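Q: this is the structure alone, sequence omitted:
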């Protein structure tokens, strides 16, 4: 298996622009997670999907962030409009189940908002 | 509040110098504790899962242990290739999500 695939790997944009991050989970995994990692706050869960349905989005910082999972093999995280404080590494992870199951992480998207 | 604290934040060892990393947690209803390794520019890579106090897992030079309040990652005779950030995470608490510590950055010098 190719593992979790994320694109783009790096994104540089200007404040106010729309940013779309993409993720392909491991085939057969039912749960998908979006995380954000910064030096100050470490890894934080943004949103969690189970069977393509958003279950917990309490970690989404504000309405500028949205996430979708139109099918079992694809998810997007969108930031509109982007702000400099959104600069971070965004990870997608997937697991077979949620509880007590190992999450496998993608390589991340490094976002810089100027 | 559910919390995971890792110490030290950074650790420098000489090759062959054994040591331990600590992960202390306060979470209601622990369902599992995970150790991950993260190399620069990469996503976290799974190492171990521990589910109950007294459980131990080993992989090459790494050994993870779990008590009711903390977990240790013991590194025996480390090599430079063990240099990485080691993350601890717990499943449990009111939200039932995976809560990560901020990690311990390990550097092993030859």
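A: That came in fine, so what should we check first? For clarity, every value in this text was computed on a predicted model and none was experimentally measured. Residues are numbered from 1 along each chain as shown, chains lettered A, B, ... in the order given.

Q: can you tell me what sits against the lowest-mean-pLDDT helix or strand in chain B?
A: The element with the least model confidence among the helices and strands of chain B, by mean pLDDT, DSSP states H and E, is strand B:97-100, at a mean of 86. Strand B:97-100 is contacted by residues A:33, A:42-45, A:48, A:56, A:103, B:2-4, B:25, B:27, B:34, B:87-93 when judged by Cβ atoms under 8 Å, 6 or more residues apart in numbering or on different chains. Every C-beta, even on glycine, is put in place using the N, C-alpha and C of the backbone.

Q: pairing partners for it, with directions?
A: Next to strand B:97-100 in the sheet, as set by DSSP bridges, lie strand B:84-92 (antiparallel).

Q: average pLDDT across the partner strand?
A: Taken as a whole, strand B:84-92 carries a mean pLDDT of 93.

Q: so what's the gap between that strand and the chain middle?
A: The chain centre lies 5 Å from the centre of strand B:84-92; the measure is Cα atoms, centre = their mean, to the nearest Å.

Q: that strand: which residues count as buried?
A: B:84-92 (16 or more other Cβ atoms under 10 Å in any protein chain shown).

Q: among those, which one sits closest to residue A:76?
A: The closest of the buried residues of strand B:84-92 to residue A:76 turns out to be residue B:89 (Cβ to Cβ; 24.6 Å).

Q: what residues are bridge-paired with that closest one?
A: Going by DSSP bridges, residue B:89 forms beta bridges with residue B:34, residue B:100.

Q: dump the residue contacts of it.
A: A:43, B:4, B:33-36, B:98-101.

Q: from residue B:19, how far out is it?
A: Here the criterion is Cβ to Cβ, to the nearest Å. By it, residue B:89 lies 21 Å from residue B:19.

Q: any idea how far residue A:61 is from whichever residue of chain A sits closest to chain B?
A: The nearest approach of chain A to chain B comes at residue A:105, 3.4 Å away (Cβ to the nearest Cβ). Distance, residue A:105 to residue A:61, by Cβ to Cβ: 20 Å.

Q: so between those two, which is more surrounded?
A: Per other Cβ atoms under 10 Å in any protein chain shown, whichever of residue A:105 and residue A:61 has more neighbours is residue A:105, with 23 against 13.

Q: I'd assumed residue B:34 was in contact with the more buried one.
A: No: contact between residue A:105 and residue B:34 fails when scored by Cβ atoms under 8 Å: they sit 11.3 Å apart.

Q: pop out the phi and psi values for the residue of chain B found nearest chain A.
A: Closest approach of chain B to chain A (Cβ to the nearest Cβ) occurs at residue B:43, with a separation of 3.4 Å. When read as degrees, to the nearest 10, the backbone of residue B:43 gives phi -80, psi 160.

Q: nearest residue to it in space, please, no chain neighbours.
A: Spatial nearest neighbour of residue B:43, excluding adjacent residues (Cβ to Cβ, 6 or more residues apart in numbering or on different chains): residue A:105 at 3.4 Å.

Q: and for residue A:33?
A: residue A:93 (4.5 Å).

Q: so which strand or helix has the one you found?
A: Per DSSP states H and E, residue A:93 falls inside strand A:88-95.
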